[in-house]
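In: using only what follows, build the 3D model:
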Amino acid sequence: TVEEIHAFDPFVKSEESKQVITYLPEYDSLLHTHVFKRGNSLGGIFTARDETGKSVLVLAEEESPNQWVMKKKIFEDGDEISAPRVLFIDTNLLRLFYTKAGDRYRIYSIDCDREFNCYGSPNLVINAVETWEYKGVGSGFPFYKDGIYYFFYGAWGNTFQIFMATSTDGLHWTKCPNSFINYGDGAFLYETDGKYYLFYHFPAGEGIRFSESSDPLSCSMRWGQSSTIVFPDSFEDKRHLIAPNIVKDKNSLYLYYSGLGVDGLWRLKLAISSPPKENVFYLIIPGFFASWNREAILHNRQVSLFDWNLPEYVKEYSGLKQSLINNGFIEGKDFSFFHYDWQQAVDDTTDKLDVFLQEKVWRDDPNKKVKIIGHSLGGLIGRIYLQKYPARNIEKVVSVGTPHKGITQVYEPLVTGDVPIENSFLWLIE
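Out: You can find the predicted model right below:
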């Protein structure tokens, strides 16, 4: 048996990731696409077709999640061009690669500015002259590293194979003699953690695959066993899947591709690989003075432990909270603050903390582990809670700026509730 490669978490298609495209008036369908990050949003070069079948390259932007708008036509070259790929060279220049039909398919490039205004004459990149590419070459992908340009492309002869060419100037190319993939097309190279991953599609529509290599980029680099990651198992890609693109955002990989549906229409499709969230709840315990309840603090009244909150003037925890949100954590579901009466004894507060965790976390999932992040007095509460309730599912306690050996300045406020201030008007300014 052949062991499957599991370099990534599974790529999942969902209705929530359905892509909607607003076309330019003269075009009504698409074929190949190249999706890439453009500033803080996504951009793309799409192969768009009119009702006669003529194809051009257009610039598209994702204006809201999964909602794309074609902005302008950027290039045409004859009746049939396709498979656009973009190489960003510097702050002012990009190079647009594409495949052009003729007596056989060939790959060309043209230079454009960063607004995709292209100029000059197209340059022939890869010509189909070898016996194994007598029907043409196409679907190229450019990659630049350490002063060398690399170009992965499909060769069409008796079958489809993926080859590579190299260049020192990005204009004149030398082909490698041997193929990297013996049955594949539509290459896309992704580099991470010192490894290369070559994504491609099966020529007959069997799915999208990838192969992995730890070797340096060269004509002799070795590629491992391939693994299929996206299958033609939905109405919108049942007949074919082509032109994979990888975009990384936070901890997820977004695989965009073109799918040919049962209805004969090509669509932009998306599958997402996200690492499974660990079954852990993050609890943040703020420090001294960083919890507030007006009735308890000002009027010494008994209130529920769930009625405390973070005062508006406390900003020290905003960065931590936003970092958790940016990484996909949801407040109340994946993390929470534990606010408390800092006038009470720490031992009593730990008992209330246990009630809080039982109610907010372990009632719905008794096996969920908790990581406590305690600042100042909050770290002391977390440590003593762990000592007092060792059987609870506490995976880790992290304390920041916590006086584990005590601090004399807090004795009077903790015992009496009085905050000593300097006998002057300066405390009013503070």
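
In: what pLDDT does Leu426 get?
Out: What the model reports for Leu426 is a pLDDT of 46.

In: how many neighbours does Gly186 have?
Out: If you count neighbours by other CB atoms under 10 Å, Gly186 ends up with 28. Heads up, the C-betas are built off the backbone N, CA and C, glycines and all.

In: can I assume it sits in a strand?
Out: Yes - under DSSP: H, G, I helix; E, B strand; the rest coil, Gly186 sits within a strand.

In: hmm, it is touching Asn245, no?
Out: No - counting by CB atoms under 8 Å, Gly186 sits too far from Asn245 to count as a contact (9.6 Å).

In: what about stretch 243-256, average pLDDT?
Out: For stretch 243-256, the mean confidence score works out to 91.

In: show me how far it is from its chain's centre.
Out: Mean-position distance between stretch 243-256 and its chain equals 6 Å (CA atoms, centre = their mean, to the nearest Å).

In: what of stretch 10-18?
Out: 14 Å.

In: in that stretch, what's buried?
Out: 11, 13 (16 or more other CB atoms under 10 Å).

In: then it to CSV, C-alphas only?
Out: Only the C-alpha atoms of stretch 10-18 are listed here, as CSV (Å, rounded to 0.1, in the frame of the first residue of the first chain):
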residue,chain,number,x,y,z
PRO,A,10,-7.7,18.5,4.9
PHE,A,11,-9.0,21.0,2.3
VAL,A,12,-12.7,21.5,2.8
LYS,A,13,-15.3,22.9,0.3
SER,A,14,-18.3,24.5,1.8
GLU,A,15,-21.3,26.6,0.7
GLU,A,16,-20.1,29.4,3.0
SER,A,17,-17.0,29.7,0.7
LYS,A,18,-19.0,30.0,-2.6
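
In: not counting it itself, show me its contacts.
Out: 66, 229-230, 234, 253, 255, 269-274 (CB atoms under 8 Å, 6 or more residues apart in numbering).

In: taking those one by one, which sit in strands?
Out: With strands defined by DSSP state E, the entries of the contacts of stretch 10-18 inside them are 229-230, 253, 255, 269-273.

In: from those, which single one is nearest Lys135?
Out: Closest approach between the ones in strands among the contacts of stretch 10-18 and Lys135, by CB to CB: Val230, at 26.0 Å.

In: residues touching the nearest residue in space to that closest one that is not next to it in sequence, list them.
Out: Among residues not flanking Val230 along the chain, Ile208 sits closest, at 4.1 Å (CB to CB, 6 or more residues apart in numbering). Listed by CB under 8 Å, 6+ apart, the contact partners of Ile208 are 199-202, 228-230, 241, 244, 255, 257.

In: pull the most distant pair out of these.
Out: Phe202 and Leu255 (14.7 Å).

In: which one of those two is surrounded by more residues?
Out: Comparing Phe202 with Leu255 by other CB under 10 Å, the one with more neighbours is Leu255, at 25 against 20.

In: specify the beta-bridge partners of the more buried one.
Out: Ile246, Ala271 (DSSP bridges).

In: now for it: which residues touch it?
Out: Shown in contact with Leu255 (CB under 8 Å, 6+ apart): 11, 199, 208, 229-230, 244-246, 270-273.
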